[in-house]
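Student: sequence isn't available, so here's the structure alone:
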(Lines give C-alpha, C1' and ligand atoms only; values in the text may rest on other atoms or scores of the structure.)
Protein backbone atom coordinates (compact mmCIF):
# COMPACT_ATOMS: atom_id res chain seq x y z
CA UNK A 1 0.00 0.00 0.00
CA UNK A 2 2.75 2.48 0.89
CA UNK A 3 4.42 2.33 -2.52
CA UNK A 4 1.13 2.72 -4.39
CA UNK A 5 0.01 5.63 -2.21
CA UNK A 6 3.38 7.35 -2.66
CA UNK A 7 2.82 7.23 -6.42
CA UNK A 8 -0.67 8.73 -6.04
CA UNK A 9 0.67 11.48 -3.75
CA UNK A 10 3.31 12.41 -6.31
CA UNK A 11 0.73 12.35 -9.11
CA UNK A 12 -1.64 14.63 -7.20
CA UNK A 13 1.26 16.96 -6.41
CA UNK A 14 2.15 17.14 -10.13
CA UNK A 15 -1.41 18.36 -10.75
CA UNK A 16 -0.81 21.24 -8.35
CA UNK A 17 -3.06 19.84 -5.63
CA UNK A 18 -0.39 19.96 -2.85
CA UNK A 19 1.14 23.46 -2.93
CA UNK A 20 3.65 24.52 -0.26
CA UNK A 21 3.89 20.99 1.28
CA UNK A 22 0.15 21.11 2.07
CA UNK A 23 -2.19 18.09 2.13
CA UNK A 24 -2.06 14.88 4.08
CA UNK A 25 -2.88 11.25 3.45
CA UNK A 26 -3.53 8.12 5.47
CA UNK A 27 -4.31 4.44 5.22
CA UNK A 28 -5.11 1.50 7.46
CA UNK A 29 -2.95 -1.55 6.83
CA UNK A 30 -3.81 -5.25 7.03
CA UNK A 31 -2.96 -5.23 10.74
CA UNK A 32 -5.46 -2.39 11.38
CA UNK A 33 -2.59 0.04 11.97
CA UNK A 34 -3.25 3.60 10.83
CA UNK A 35 -0.46 5.41 8.96
CA UNK A 36 -0.46 9.14 8.11
CA UNK A 37 1.82 11.31 6.04
CA UNK A 38 4.27 13.40 8.04
CA UNK A 39 3.83 17.18 8.01
CA UNK A 40 6.09 19.56 6.14
CA UNK A 41 7.29 17.09 3.50
CA UNK A 42 7.45 18.24 -0.11
CA UNK A 43 4.99 15.93 -1.83
CA UNK A 44 7.12 15.89 -5.00
CA UNK A 45 9.80 14.10 -2.95
CA UNK A 46 7.47 11.98 -0.80
CA UNK A 47 8.71 8.46 -0.02
CA UNK A 48 7.46 5.44 1.94
CA UNK A 49 9.59 6.62 4.89
CA UNK A 50 7.43 9.76 5.12
CA UNK A 51 4.51 7.83 6.62
CA UNK A 52 4.24 7.50 10.39
CA UNK A 53 2.12 5.14 12.48
CA UNK A 54 -0.37 6.59 14.95
CA UNK A 55 -2.60 5.22 17.68
CA UNK A 56 -6.37 5.66 17.98
CA UNK A 57 -5.83 9.13 19.53
CA UNK A 58 -3.62 10.38 16.72
CA UNK A 59 -0.40 10.09 18.71
CA UNK A 60 2.75 8.76 17.05
CA UNK A 61 3.26 5.09 17.87
CA UNK A 62 6.13 2.60 17.74
CA UNK A 63 9.31 4.23 16.44
CA UNK A 64 7.28 7.42 15.88
CA UNK A 65 6.39 7.86 19.57
CA UNK A 66 6.88 11.51 20.46
CA UNK A 67 6.65 12.72 16.86
CA UNK A 68 3.61 14.92 16.30
CA UNK A 69 1.60 14.22 13.15
CA UNK A 70 -0.38 16.88 11.32
CA UNK A 71 -3.14 18.58 13.32
CA UNK A 72 -5.51 17.41 10.60
CA UNK A 73 -4.88 13.81 11.62
CA UNK A 74 -8.02 14.24 13.75
CA UNK A 75 -10.07 14.60 10.56
CA UNK A 76 -8.65 11.34 9.20
CA UNK A 77 -9.52 9.58 12.46
CA UNK A 78 -13.03 11.06 12.36
CA UNK A 79 -13.53 9.63 8.86
CA UNK A 80 -12.31 6.17 9.89
CA UNK A 81 -14.55 6.20 12.97
CA UNK A 82 -17.65 7.32 11.07
CA UNK A 83 -17.09 5.35 7.86
CA UNK A 84 -15.70 2.00 9.06
CA UNK A 85 -15.29 0.63 5.52
CA UNK A 86 -12.80 3.42 4.69
CA UNK A 87 -9.21 2.23 4.41
CA UNK A 88 -7.61 5.21 2.60
CA UNK A 89 -8.13 8.97 3.07
CA UNK A 90 -6.82 11.59 0.62
CA UNK A 91 -6.75 15.33 1.36
CA UNK A 92 -6.32 17.75 -1.53
CA UNK A 93 -5.91 21.49 -1.97
CA UNK A 94 -7.18 21.52 -5.55
CA UNK A 95 -8.15 25.04 -6.61
CA UNK A 96 -11.64 24.39 -7.98
CA UNK A 97 -13.22 22.90 -4.84
CA UNK A 98 -11.75 25.81 -2.84
CA UNK A 99 -13.22 28.31 -5.31
CA UNK A 100 -16.59 26.51 -5.37
CA UNK A 101 -16.68 26.76 -1.57
CA UNK A 102 -16.40 30.55 -1.82
CA UNK A 103 -19.61 30.76 -3.87
CA UNK A 104 -21.72 28.14 -2.08
CA UNK A 105 -22.77 27.65 1.53
CA UNK A 106 -23.40 24.32 3.20
CA UNK A 107 -23.59 22.30 -0.05
CA UNK A 108 -22.17 22.04 -3.54
CA UNK A 109 -25.12 20.81 -5.63
CA UNK A 110 -24.46 19.02 -8.91
CA UNK A 111 -26.50 17.08 -11.46
CA UNK A 112 -26.29 16.02 -15.09
CA UNK A 113 -22.64 14.98 -15.39
CA UNK A 114 -21.76 11.49 -16.56
CA UNK A 115 -18.63 11.56 -14.40
CA UNK A 116 -20.61 11.95 -11.18
CA UNK A 117 -21.01 8.17 -11.45
CA UNK A 118 -17.39 8.12 -10.28
CA UNK A 119 -18.88 8.32 -6.78
CA UNK A 120 -19.55 4.82 -5.49
CA UNK A 121 -23.30 4.33 -5.28
CA UNK A 122 -24.19 6.96 -7.89
CA UNK A 123 -25.73 5.13 -10.85
CA UNK A 124 -27.06 7.91 -13.07
CA UNK A 125 -26.03 11.31 -14.36
CA UNK A 126 -29.60 12.34 -13.48
CA UNK A 127 -28.99 11.87 -9.76
CA UNK A 128 -29.00 15.14 -7.83
CA UNK A 129 -25.99 15.23 -5.51
CA UNK A 130 -25.15 17.58 -2.67
CA UNK A 131 -21.56 17.57 -1.45
CA UNK A 132 -21.32 19.08 2.05
CA UNK A 133 -19.23 22.21 2.53
CA UNK A 134 -17.91 22.34 6.10
CA UNK A 135 -16.82 25.59 7.78
CA UNK A 136 -13.07 25.83 8.20
CA UNK A 137 -11.70 25.88 11.75
CA UNK A 138 -8.14 26.03 13.04
CA UNK A 139 -9.38 24.08 16.06
CA UNK A 140 -9.70 20.50 14.81
CA UNK A 141 -12.02 19.58 17.68
CA UNK A 142 -14.45 22.28 16.52
CA UNK A 143 -14.15 21.12 12.91
CA UNK A 144 -14.81 17.51 13.89
CA UNK A 145 -17.76 18.64 16.02
CA UNK A 146 -19.23 20.29 12.92
CA UNK A 147 -18.60 17.10 10.97
CA UNK A 148 -20.59 15.28 13.66
CA UNK A 149 -23.57 17.54 12.98
CA UNK A 150 -23.25 17.02 9.20
CA UNK A 151 -22.58 13.25 9.26
CA UNK A 152 -25.94 12.35 7.68
CA UNK A 153 -25.23 14.70 4.74
CA UNK A 154 -21.96 12.99 3.76
CA UNK A 155 -23.09 10.48 1.13
CA UNK A 156 -20.49 10.59 -1.66
CA UNK A 157 -17.35 9.58 0.29
CA UNK A 158 -16.10 13.17 0.33
CA UNK A 159 -16.64 16.70 1.58
CA UNK A 160 -15.21 20.17 1.04
CA UNK A 161 -13.79 22.36 3.79
CA UNK A 162 -14.57 25.97 2.90
CA UNK A 163 -11.56 27.92 1.65
CA UNK A 164 -9.33 24.96 2.44
CA UNK A 165 -9.66 21.80 0.38
CA UNK A 166 -11.26 18.39 0.07
CA UNK A 167 -11.27 15.05 1.82
CA UNK A 168 -12.16 11.85 -0.03
CA UNK A 169 -11.87 8.23 0.98
CA UNK A 170 -12.61 4.68 -0.05
CA UNK A 171 -12.29 1.02 0.76
CA UNK A 172 -9.30 0.93 -1.58
CA UNK A 173 -6.76 3.43 -2.86
CA UNK A 174 -8.41 3.17 -6.28
CA UNK A 175 -11.81 4.15 -4.82
CA UNK A 176 -10.39 7.00 -2.77
CA UNK A 177 -8.55 8.44 -5.77
CA UNK A 178 -11.64 8.05 -7.95
CA UNK A 179 -13.79 9.94 -5.42
CA UNK A 180 -11.22 12.73 -5.11
CA UNK A 181 -10.82 13.12 -8.86
CA UNK A 182 -14.59 13.00 -9.44
CA UNK A 183 -15.17 15.80 -6.95
CA UNK A 184 -12.42 17.97 -8.40
CA UNK A 185 -13.69 17.44 -11.97
CA UNK A 186 -17.27 18.37 -11.02
CA UNK A 187 -16.09 21.47 -9.16
CA UNK A 188 -14.00 22.53 -12.17
CA UNK A 189 -16.92 22.08 -14.59
CA UNK A 190 -19.33 24.03 -12.39
CA UNK A 191 -16.85 26.81 -11.66
CA UNK A 192 -15.97 27.28 -15.32
CA UNK A 193 -19.69 27.61 -16.17
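Tutor: Cool, the structure landed. Since this is a predicted model, take the numbers as computed values, not measurements. Residues are numbered from 1 along each chain as shown.

Student: now the strands: where do they sit in this protein?
Tutor: For the chain, the strands defined by DSSP state E occupy 25-28, 34-37, 51-54, 88-92, 107-110, 129-134, 158-161, 165-170.

Student: out of these, deepest packed?
Tutor: Ranked by mean neighbour count under mean count of other Cβ atoms under 10 Å, the strands of the chain are led by strand 88-92, which reaches a mean of 27. In this view, the C-beta of every residue, glycine as well, is placed from N, C-alpha and C.

Student: give the other helices and strands that it contacts.
Tutor: In terms of contacts (3 or more Cβ pairs under 8 Å, 6 or more residues apart in numbering; DSSP states H and E), strand 88-92 is packed against helix 2-14, strand 25-28, helix 73-82, strand 165-170, helix 173-192.

Student: one more time with 10 Å
Tutor: In terms of contacts (3 or more Cβ pairs under 10 Å, 6 or more residues apart in numbering; DSSP states H and E), strand 88-92 is packed against helix 2-14, strand 25-28, strand 34-37, helix 73-82, strand 158-161, strand 165-170, helix 173-192.

Student: for residue 111, find the nearest of those.
Tutor: helix 173-192 (9.9 Å; Cβ to Cβ).

Student: mean pLDDT added to the helices and strands packed on strand 88-92, as TSV?
Tutor: Shown next, in TSV, are those (pLDDT from 0 to 100):
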stretch	mean pLDDT
helix 2-14	96
strand 25-28	97
strand 34-37	96
helix 73-82	97
strand 158-161	98
strand 165-170	98
helix 173-192	97
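
Student: could these be laid out in CSV, adding distance to residue 105?
Tutor: Listed next are the helices and strands packed on strand 88-92 as CSV, based on distance: least, Cβ to Cβ, whole Å:
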stretch, distance to residue 105
helix 2-14, 27
strand 25-28, 28
strand 34-37, 30
helix 73-82, 20
strand 158-161, 11
strand 165-170, 16
helix 173-192, 15
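
Student: go through the strands of the chain and name the closest to residue 190.
Tutor: Smallest distance to residue 190 across the strands of the chain (Cβ to Cβ): 6.3 Å, for strand 107-110.

Student: that closest one: how far from the chain's middle?
Tutor: Offset of strand 107-110 from its chain centre (Cα atoms, centre = their mean, to the nearest Å): 17 Å.

Student: and stretch 82-98, by the same measure?
Tutor: 1 Å.
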